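**Q** Prediction below, plus the sequence it came from.
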Amino acid sequence: MRRMALKSTIFKADLQIADMDRNYYQEHALTLARHPSETDERMMVRLFAFALFAHERLEFGRGLSAEDEPALWQKDLTGAIELWIEVGLPDERVLRRACGRAQRVAVLCYGGRAADLWWNQNRDRLEKLGNLSVLNLPADATQALASLARRSMSLQCTIQDGQAWLTDGVSTVLVVPARLIFQDQP
């Protein structure tokens, strides 16, 4: 008996961003492909990462489908990687390799106690990587982000003083990332 591969589920998001910390105000029409093994929580953390690091050339990578691509990345006009973004609890070797390939690397880790354990196990090695930022997202916030997931979404994200509010017009989620390692943008 042949088994058919499960296909990604497509989500559409109209995302309005008002990032007062970076003076970035834009609207983005995004398409997210959720891998069959990906949860709503992880997909919405990817969407949140887009809002946090938004740029006209920031795009979603193949992520779970390709080991050599991040969750999101931004390339310059020559194809050089300016920013590599991972979500979750990536292997330290993956981050070391990414730091060698990209000008800047960011990790948005989440998962409550699991994220704390990951950080404690990897902290010493990760702190040595000069172009790496690690932000830890509170478990209650990422679970609340998951509740905003819809196949078609219209979201607004306001960022100010290191805090972010994501709303669909009915529910609002406050996300205050803990900066474990944070490199200023060039």
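**A** In hand now; what should we look at?
**Q** and the residue nearest the centre of the chain, what are its phi and psi?
**A** Nearest to the mean C-alpha position of the chain, counting by CA atoms, centre = their mean, stands residue 49 at 3.1 Å. Main-chain torsions, residue 49, degrees, to the nearest 10: phi -60, psi -40.
**Q** pretty sure it contacts residue 71?
**A** Yes. Between residue 49 and residue 71 there is a contact at 6.6 Å, judged by CB atoms under 8 Å. C-beta coordinates here come from the backbone N, C-alpha and C atoms, glycine included.
**Q** Now the common contact residues for those two.
**A** 85, 87 (CB atoms under 8 Å, 6 or more residues apart in numbering).
**Q** and residue 94, helix, strand or coil?
**A** Following DSSP: H, G, I helix; E, B strand; the rest coil, the label given to residue 94 is helix.
**Q** and the gap between it and residue 121?
**A** With the distance defined as CB to CB, to the nearest Å, residue 94 ends up 14 Å from residue 121.
**Q** Not counting its own residues, what contacts the strand or helix carrying residue 144?
**A** Element membership for residue 144, per DSSP states H and E: helix 139-146. By CB under 8 Å, 6+ apart, the residues outside helix 139-146 that reach it are 39-41, 44-45, 47-48, 110-112, 115, 166, 171, 173-176.
**Q** What average pLDDT does it get?
**A** The average pLDDT for helix 139-146 rounds to 98.
**Q** immediately after that helix, which helix or strand?
**A** strand 152-160.
**Q** tell me the angle the helix or strand following that next one makes with strand 152-160.
**A** In the C-terminal direction, the helix or strand that comes right after strand 152-160 (DSSP H and E) is strand 163-167. Orientation check (axes from the mean of the first three to the mean of the last three CA atoms, to 10 degrees): strand 163-167 against strand 152-160 gives 160 degrees.
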